[in-house]
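Chemist: Turn this into a structure:
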Amino acid sequence: MQPFTRVSGPAIPLLLANLDTDVIIPIQDLLGAGREGLGGACFRRLRYDEAGAERPDFAPNRPEFRGSPILLALGNFGCGSSREGAVWALMGMGVRCIIAPSFGDIFHANCFQNGLLPVRLEEAVVRRIAAAGARPTFVDLEAGIVTAPSGEEHPFEVDPRQRTSLLRGLDDIALTLERLAAIEAFRAQDRVARPWAWEPVRRPPPG
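Modeler: Okay, the predicted model is just below:
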């Protein structure tokens with residue numbers, strides 16, 4: 001997982017509430033797809049017209065916001081199904097931080113497993129940042145501060161464990177593997193203390 005410390009750029013103003021994961025990435029675009037290459041399908045229904053051409057009025061398509069790492073949204077962003085592909089699609093589009101008043105719980109957790117930072121700020125603050133247009137916003141995870149184009153500083157909170165994981169670029173599996181020596185030591189001791197628990201399960205032959 002790519003570590004996250006700080007990013008900056010014009011914040012893409014996608015000021016819609018209740019954007020669910022099916023809007024972020026339609027399920028048909030995930031069938032048979034891997035983790036890479038989903039960026040082009042992100043927000044497909046909003047981003048393209050019926051002929052497949054980009055809609056010029058859709059904020060992420062506008063030249064001044066294209067490829068920016070910061071996305072603004074309204075409440076309950078990422079609600080709906082638990083598909084992790086929604087996070088992959090956003091990152092494939094270049095997004096590394098989403099600023100919104102609230103997030104779907106599972107989407108919020110998936111962000112931290114993939115290197116995407118979800119920041120909760122009040123809706124009034126989100127709208128003020130959006131009103132600044134293409135002037136840059138700065139997000140600093142180490143300091144826990146979003147600096148708006150106006151220079152206003154807005155502190156945000158992240159669970160300490162999730163913050164450490166993002167800063168170091170470690171998902172839950174990587175964090176677990178850091179304790180591999182202790183895990184192996186426990187396994188060795190337990191084999192001695194409870195040898196019966198380590199015996200292979202013997203299944204009767206079929207038929």
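Chemist: Tell me which stretches of this protein form helices.
Modeler: 21-24, 44-47, 85-92, 105-112, 123-131, 160-168, 172-177, 180-193 (DSSP state H).
Chemist: next one: phi and psi at Pro101?
Modeler: The phi and psi torsions at Pro101 (degrees, to the nearest 10) take the values phi -70, psi -30.
Chemist: Now do the contacts for it.
Modeler: Neighbouring residues of Pro101 by C-beta atoms under 8 Å, 6 or more residues apart in numbering: 74-75, 120-123, 126. All C-beta spots, glycine's among them, are computed from the backbone N, C-alpha and C.
Chemist: pLDDT below threshold where in the chain?
Modeler: 32-34, 207 (pLDDT under 70).
Chemist: center of it - which residue?
Modeler: Cys111 (2.7 Å; C-alpha atoms, centre = their mean).
Chemist: I'd say that residue and Ile98 touch.
Modeler: Yes - at 7.5 Å, Cys111 and Ile98 qualify as touching, with contact defined as C-beta atoms under 8 Å.
Chemist: which residues do these two both contact?
Modeler: 78, 117-118.
Chemist: that older thread, buried ones among the contacts of Pro101?
Modeler: In the contacts of Pro101, burial by neighbour count holds for 74-75, 120-121, 126, counting by 16 or more other C-beta atoms under 10 Å.
Chemist: for those residues, which one is nearest Ile173?
Modeler: Ile173 lies nearest to Arg120 out of those, by C-beta to C-beta, at 26.0 Å.
Chemist: Spit out the contact partners of the closest one.
Modeler: By C-beta under 8 Å, 6+ apart, Arg120 lies in contact with 100-103, 156-157.
Chemist: go on, Ala86?
Modeler: Contacts of Ala86 (C-beta under 8 Å, 6+ apart): 21, 24-25, 78, 107, 110.
Chemist: Which of those ranks first by neighbour count?
Modeler: Gly78 (29 neighbours; other C-beta atoms under 10 Å).
Chemist: For stretch 71-90, buried residues please.
Modeler: Quick answer for stretch 71-90 (16+ other C-beta under 10 Å): 71-80, 83-90.
Chemist: Sorry, slip of the keys, the one I care about is stretch 192-207.
Modeler: Going by 16+ other C-beta under 10 Å, stretch 192-207 has no buried residues at all.
Chemist: Show residues contacting that stretch.
Modeler: 190-191.
Chemist: Off-centre distance for that stretch?
Modeler: 41 Å (C-alpha atoms, centre = their mean, to the nearest Å).
Chemist: do the same with stretch 81-96
Modeler: 6 Å.
Chemist: Give me the distance between the two termini of that stretch.
Modeler: 21 Å (C-alpha to C-alpha, to the nearest Å).
Chemist: go on, stretch 37-47?
Modeler: Span of stretch 37-47 from end to end, C-alpha to C-alpha: 16 Å.
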